[in-house]
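Participant: Below is the sequence, then the predicted model.
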Amino acid sequence: MRGRLLSLLSDTDRKRLQSALDKDAQGLDLEEVEKELLSGAAQLWKSEGATVVTQISADMNIWLYAGNTKEMLGLDKSAEAYARQLGLKHMMIWGGRKGWKRILKPLGYIEKTILVKEL
C-alpha cells in the first residue's frame with residue numbers, strides 16, 4: 001500500500017499536507033488522508049507550489065489546502081470544473097482558518113453558519 005501512495009504524494013506534498021493538518025487536523029492525521037486518497041474516497045489536486053485534497057459527497061468538500069496561495073486558487077478552479085462535470089451544486093470548506101474567508105471570497109465562496117454536535 002505505501003509504495004502506491006508514494007506515487008500519489010511526493011515528500012513536498014506530505015510536508016504541505018502535514019502543515020495543514022497541524023493547523024486544523026479536524027481529528028485526522030496524514031495516514032488517514034493517504035488511506036482516503038488510495039481508496040478513491042478523496043481526490044488529490046497538485047501543482048508545483050500547492051496541494052489540495054477534496055472529497056465528494058452530495059457536494060465537493062475541500063478537505064485540505066496546502067502550499068502557495070495563488071497556486072491553490074488555481075487548483076480550486078480545476079476542482080470546480082470537476083465538480084460541475086459531476087453535476088454537484090456546491091463546493092464547501094468545513095472548519096479551516098478564518099483567513100480563508102477573505103482569500104476565497106473573490107472565487108465566489110460565502111460564509112454560512114453550520115452547527116455541529118460532537119458525540
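Facilitator: Perfect, thanks for sending it.

Participant: for the nearest residue in space to residue 58 that is not next to it in sequence, what are its contacts?
Facilitator: Nearest residue to residue 58, sequence neighbours excluded (Cβ to Cβ, 6 or more residues apart in numbering): residue 88, at 7.6 Å. Glycine gets a C-beta too; all of them are placed from N, C-alpha and C. With contact set as Cβ atoms under 8 Å, 6 or more residues apart in numbering, residue 88 has these partners: 56, 58-60.

Participant: repeat that for 10 Å
Facilitator: Neighbour list for residue 88: 56-60, 80, 82 [criterion: Cβ atoms under 10 Å, 6 or more residues apart in numbering].

Participant: how about stretch 36-45: buried residues?
Facilitator: 36-37, 42-45 (16 or more other Cβ atoms under 10 Å).

Participant: C-alpha coordinates for it, CSV please?
Facilitator: Extracted C-alpha coordinates of stretch 36-45, given in CSV (Å, rounded to 0.1, in the frame of the first residue of the first chain):
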residue,chain,number,x,y,z
GLU,A,36,-8.8,8.1,1.7
LEU,A,37,-6.8,9.1,-1.4
LEU,A,38,-5.8,5.4,-2.0
SER,A,39,-9.4,4.2,-1.7
GLY,A,40,-10.6,6.9,-4.0
ALA,A,41,-12.7,8.5,-1.3
ALA,A,42,-10.6,11.6,-1.6
GLN,A,43,-9.2,13.4,-4.6
LEU,A,44,-5.7,14.9,-4.9
TRP,A,45,-5.0,18.2,-6.8
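
Participant: ok, residue 74 touching residue 68?
Facilitator: Yes. Under the criterion of Cβ atoms under 10 Å, residue 74 makes contact with residue 68 at 9.3 Å.

Participant: quick one: common contacting residues for the two?
Facilitator: 47, 49-50.

Participant: now those: which count as buried?
Facilitator: By 16+ other Cβ under 10 Å, the shared contacts of residue 74 and residue 68 give 49-50 as buried.

Participant: Right, I'll leave it there.
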